Structures are given as structure tokens and as C-alpha cells.
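Novice: A structural model of the following input is requested.
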Amino acid sequence: MSGLNTQKKAEKPEKGTGKGCKDDSCGSSEPSLQRHVSNVQDPTKRLTRSSSTLLEHEGISESVRLAIDTFKLTVDETLKNFSDCLKQLEKDLGSAVDFQANRIDDLERKFLTLEKSCSENDIGNLQNRLKSQADQINKLERMSRRNNFRLVGCPCEENEKCGDIVQSILTEKFKMTAVHIERAHRDGRGNNCRSPHILVKCLSYKDKMNILRNARSVLRDESFFILDDLTKADLREKKKWSREVKELYDMGTKLRFTAGHWRDNHGLPYNFQNSQL
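Specialist: Below is the predicted model of the structure:
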């Protein structure tokens, strides 16, 4: 029994090694074949996996290309819309600028017109005011000279008394003894050809007017003469129409200058504009 058990124990290793092979080559043949088949199948699998990967890459590349193309189209469309918006904005801005420029030009024209109108009105008002004030001043000066007359061309004498000279002329030439002379004196410096005027102020305006009315006829043959004491404005007005007055006098129309105007026999200002000269 012990011998049989020993034999069975000895035979067990042969059963495990497969058909009693002495080395491990017989026992390991199936795994080696599997590895060989596996090695043969691996390239195919790798090729399949590579093809799948390539297809996946191509699919991804196609998707990327489509995405890029779509992005380009989107960008192009966006840029085109932006460009159109800029053009429209530029057009609108140009129109707005033109409108504002036209409006500014219109406002400038209106302002210039208004300024010119205001200036003309202001100038006209100022001129009217100046003329009115000048007339008032001239009127006041005329009133202050109301009783005055000037003795022109009377030679100067040493230690002369102008009041006595005037009173002597009125008495001897005009036969007027009741005229009251308030004052008389030389006025101005005169010149080499003529002595300064003697400015005379009568106490009565009536006496002054009587002297002026008779002066032309009374002093016709004398070297001196008598004139009214006029303001500068009245003197300019008198000289302005001197030629017309002489022509009218030659035609038989006599005018007299008083109160700043040439007047007819009725004391009314003469209208030289409607004269037939």
C-alpha cells in the first residue's frame, strides 16, 4: 500500500505537466500560441484603431473647418454690417453737419440784418438826438445874441471907447438919439486888412432891428457896415443860399435873414428847393 501511494504521488507531477513531458515546453505551448495569435491580431487591431482615430481626426478637422468657415462668414457679415452702419452714420452725420451749417449761416444773416437794422436805428436816433440838441443849443445861443449887432470895418483908434464910437454913428448917420447901448467892445483879433469887429448889445431888440433895416441905405457910402450877430450855424445857413438870394434880389424879390432862415416879406422861411432859379 505504501508502495502504491508512493507511485501515485510520483505520477501526480506527470499529470500536472501534461502528457508526461519532461520540460515546460509542452505545457506552455497553448499560451505561446495565444500570444502568437494575439501578436498577429494586434497589427490589425492597431490598424483598425488608427483608421478609427484618423477618421475621428478627419471628422474633427471637418468640424473645425466648418466652424472656421462659419466663423469667417459671421465675421465678414458682422464687418459688412458694421461698415454699412458706419457709412450710414457718416451720411447722417454729414447731413446733420450740413443742416447745422445752413442753420448757422441763416442765423448769421439774421443777426447781421438785425445788427444792421439796430445800428441804423441807433445811428438814426443818435443823429436825430444830436440834431435836436444842436438846434436847442443854437436856439439858446441865438437868444443870447438877440439884441446884438456887429460894426464891421471901423478903424481902431488909440484909447478908443467903443460905446462912444457906436453912439456917435447912430446919432450922426441914423439920426437915432434915443438908442440905449448896454455895452460895446472889440471882438476877435482882426487881420491886416480889417480891424476887429465892434460887438454891440442894445438894450432893446426893437432898436436893433431898426438899425439893421436902415443900415444898408444909411451906410451905403461908408467904409464900414453893420451886420447881425449870428451864431456859427446861422452864419453857415445864410452863406449857403447867398447866390440864390442875390439872384432873387436882382429879379426883384427881397429876402431877409432872421432867426436862422431867409424869410420873405411876410416873415415866412423861403423854400429854395421849389424856387425857379
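
Novice: for this structure, what spans make up the helices?
Specialist: Applying DSSP state H to the chain gives helices spanning 2-17, 29-144, 162-172, 205-218, 232-240, 242-250.

Novice: weakest of these by average pLDDT?
Specialist: The weakest mean pLDDT among those belongs to helix 2-17, with a mean of 45.

Novice: wait, which of the helices of the chain is closest to His261?
Specialist: helix 232-240 (7.2 Å; Cβ to Cβ). Using the backbone N, CA and C atoms, a C-beta is placed for each residue, glycine as well.

Novice: which secondary structure elements does that closest one contact?
Specialist: helix 29-144 (3 or more Cβ pairs under 8 Å, 6 or more residues apart in numbering; DSSP states H and E).

Novice: how distant is the helix it packs on from the center of its chain?
Specialist: 34 Å (Cα atoms, centre = their mean, to the nearest Å).

Novice: helices or strands next to that helix in the packing?
Specialist: Short answer (3+ Cβ pairs under 8 Å, 6+ apart): helix 29-144 packs on helix 232-240.

Novice: Swap in 7 Å and give it another go.
Specialist: Where contact means 3 or more Cβ pairs under 7 Å, 6 or more residues apart in numbering; DSSP states H and E, helix 29-144 is not packed against any helix or strand.

Novice: If I take it and helix 232-240, what angle do their directions form?
Specialist: 80 degrees (axes from the mean of the first three to the mean of the last three Cα atoms, to 10 degrees).

Novice: picking up where we left off before, want to throw the helices of the chain into CSV with mean neighbour count and distance to Trp262?
Specialist: Below are the helices of the chain laid out as CSV (neighbours: other Cβ atoms under 10 Å; distance: least, Cβ to Cβ, whole Å):
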stretch, mean neighbour count, distance to Trp262
helix 2-17, 9, 171
helix 29-144, 10, 15
helix 162-172, 16, 27
helix 205-218, 15, 14
helix 232-240, 14, 7
helix 242-250, 13, 6
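
Novice: Can you say which of those helices is nearest to Asp187?
Specialist: Taking the helices of the chain one by one with Cβ to Cβ, helix 162-172 is closest: 9.8 Å.

Novice: Kindly export that closest one (C-alpha atoms) in PDB.
Specialist: Output of helix 162-172 as PDB, limited to C-alpha atoms (Å, rounded to 0.1, in the frame of the first residue of the first chain):
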ATOM      1  CA  CYS A 162     -16.300 201.600 -28.400                       C
ATOM      2  CA  GLY A 163     -19.600 202.700 -26.800                       C
ATOM      3  CA  ASP A 164     -18.900 206.400 -27.800                       C
ATOM      4  CA  ILE A 165     -18.000 205.400 -31.400                       C
ATOM      5  CA  VAL A 166     -21.200 203.400 -31.800                       C
ATOM      6  CA  GLN A 167     -23.400 206.100 -30.200                       C
ATOM      7  CA  SER A 168     -21.800 208.800 -32.500                       C
ATOM      8  CA  ILE A 169     -22.500 206.700 -35.600                       C
ATOM      9  CA  LEU A 170     -26.200 206.100 -34.600                       C
ATOM     10  CA  THR A 171     -26.700 209.800 -33.800                       C
ATOM     11  CA  GLU A 172     -24.900 211.200 -36.900                       C
END
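
Novice: Asp264: how many residues sit nearby?
Specialist: 14 (other Cβ atoms under 10 Å).

Novice: What of Arg256?
Specialist: 15.

Novice: The one 4 residues further on now?
Specialist: Look at Gly260: counted by other Cβ under 10 Å, it has 18 neighbours.
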